[in-house]
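1. Below are the sequence and a predicted model for it; my questions follow.
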Amino acid sequence: MNRKPRILVIGGLAAGPSAASKAKRINKNADVILIERTKYISYGICEIPYYLTGEYKDKNNLVVYSPDRLQKEKNVTVRTETEVESIDRKNKSLLIKDHKNGIHRKEEYDKLIITTGSIPRSLPFMERSMGNVFTIKELSRAYELHDYIKQHKPSNAVIIGGGYIGMEMAEALKHLNIDVTLIHRRSYPLSKIDENSGKLLLSVLQENGVHFVPDSNVKSFGTDTNDNVKTVVTDNGVFDTALVIVAIGVTPNVAVARDAGIETGHLGGIKTDEKQHTNDDDIFAAGDCCEVRNLITRRPSYIPLATVASKMAWTAGENAAGGSAVFKGAIRNIALRVFNYEVSRVGLTISEAEEAGFKIVAETIEAPSRIIGMPEAARVTVTYVADKNSGRLIGATLIGKDGAVHRGNVLAAMIQMGATVKDVSNLDMMYAPPFSPLWDPVLVAANQTLKKL
């Protein structure tokens, strides 16, 4: 009797369950097993700041799929609190430690999908555990942070890192009446943002009482006898604190893969082809542990987003089960709320485009989100980045109190399709006073950019 094919998936979150579910859907006869080192397999990281504020009231809603639900609805076997210590490519097996009972065992596979995700960057002096220092990555730590704030009621906090998570956490903590100091190594919030957008975001933070410390590097922590951080020492001053949030980005979690000889790229992520194959024909990879082809630059990029991870995972899962799916690549498409402002960033920023070798034209405009006089109308600031040689739109940043994010989605679609600024200027945008003016900000920005092109 023929043995069922075994497809093992290492890791949860966005990519792992997506890959496992897809593999089982394609080959219902396969034994699909998902292995996760924690007790949670699928949860929302992006929701964590809003859980802390109470906007997202039920912490159980943070869990997208429990192990039981994935097994019941998708017919995928789930093994939690189980860590993969090594991959034996020659014998097609994994060495696994079962943390529930402390034993080691081997698991054989026919096809393997690596979805080990990313790990938060840390500072050199974070080697030991500190009771009031948190990163926003794992669900268990989010619960611990929530409980810490509720129990200790810190009056002030230092956030290290002014990226997306840093700014969302600044809003969350201010919502809880905590005095916030945000330390960033660049002059403006966000990484490589254009100066106009950076100044606007800085003013939003300052208007809402966030103390922004620019161009600063954290040198050390001052701790008490219980290893709680009391001061954050930077090259621009020392800041008292009762709570520290470290949000300085993530790196691909590739240690197990790299030790097995799986090839990684210059950005540190696993290299795959458009079928999500690694350099081993029987091993696929997907998600934040991987590099991805940027559809604008045609070069490898690191884009650790759940949307991208899921698409890569669907491809890996289908192909591990015998299919022939293709993932062409992605662009960066990110939105966030900073207090009462929407921020949308798609494609390349000015500095990213220049680093990629584009000769660019950039234009920034302000325009109303709706007909002036409508109560919800607000100004939207739009920055376009275009390739001077081809006229192609390759990036956009939109910031405003109304309508910035959904307009960003329109531009993301245009950029992904390779549209020119002229193509954007020819779009038939809606005109209705409650929603948009006659000349939508998307069109105003396109027409102004065309004058430079």
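-> Alright, I've got the coordinates.
2. Quick check: which element contains residue 20?
-> helix 15-26 (DSSP states H and E).
3. pLDDT on that helix, on average?
-> Mean pLDDT, computed over helix 15-26, is 98.
4. any idea how far the residue nearest the centre of the chain is from residue 15?
-> Residue closest to the average C-alpha location in the chain (Cα atoms, centre = their mean): residue 305, at 3.7 Å. Using Cβ to Cβ, to the nearest Å, residue 305 is found at 11 Å from residue 15. All C-beta atoms are positioned from the backbone trio N, CA, C, and that covers glycine.
5. can you check residue 97 too?
-> Counting by Cβ to Cβ, the gap from residue 97 to residue 15 is 22 Å.
6. Show me which of these two is the more surrounded one.
-> residue 15 (32 against 16; other Cβ atoms under 10 Å).
7. List the contacts of the more buried one.
-> Residue 15 makes contacts with 115, 117, 286-288, 309-310, 312-313, 316, as judged by Cβ atoms under 8 Å, 6 or more residues apart in numbering.
8. so how far is residue 201 from residue 189?
-> 5 Å.
9. shared neighbours of those two, which are they?
-> The contact lists of residue 189 and residue 201 share 167, 338, where a contact means Cβ under 8 Å, 6+ apart.
10. who's more crowded, these two?
-> Each of residue 189 and residue 201 has its neighbours counted (other Cβ under 10 Å); residue 189 has more, 28 against 22.
11. Can you classify that one by secondary structure?
-> Assigned by DSSP: H, G, I helix; E, B strand; the rest coil, the conformation of residue 189 is coil.
12. Please read off the pLDDT at it from the model.
-> 95.
13. wait, it sits on residue 199?
-> No - using Cβ atoms under 8 Å, residue 189 is not in contact with residue 199; the gap is 9.9 Å.
14. Tell me where the stretch 251-400 of the chain has strands.
-> Assignment of strands within the stretch 251-400 of the chain using DSSP state E, counting those that start in this stretch yields the ranges 283-285, 292-293, 300-301, 333-338, 341-347, 360-368, 379-387, 393-400.
15. Pipe those strands into a markdown table and attach distance to residue 274, mean pLDDT and mean neighbour count per row.
-> Shown next, in a markdown table, are the strands of the stretch 251-400 of the chain (distance: least, Cβ to Cβ, whole Å; pLDDT from 0 to 100; neighbours: other Cβ atoms under 10 Å):
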| stretch | distance to residue 274 | mean pLDDT | mean neighbour count |
| --- | --- | --- | --- |
| strand 283-285 | 12 | 98 | 30 |
| strand 292-293 | 7 | 98 | 22 |
| strand 300-301 | 12 | 97 | 20 |
| strand 333-338 | 19 | 96 | 18 |
| strand 341-347 | 20 | 98 | 25 |
| strand 360-368 | 28 | 97 | 18 |
| strand 379-387 | 24 | 98 | 24 |
| strand 393-400 | 21 | 98 | 26 |
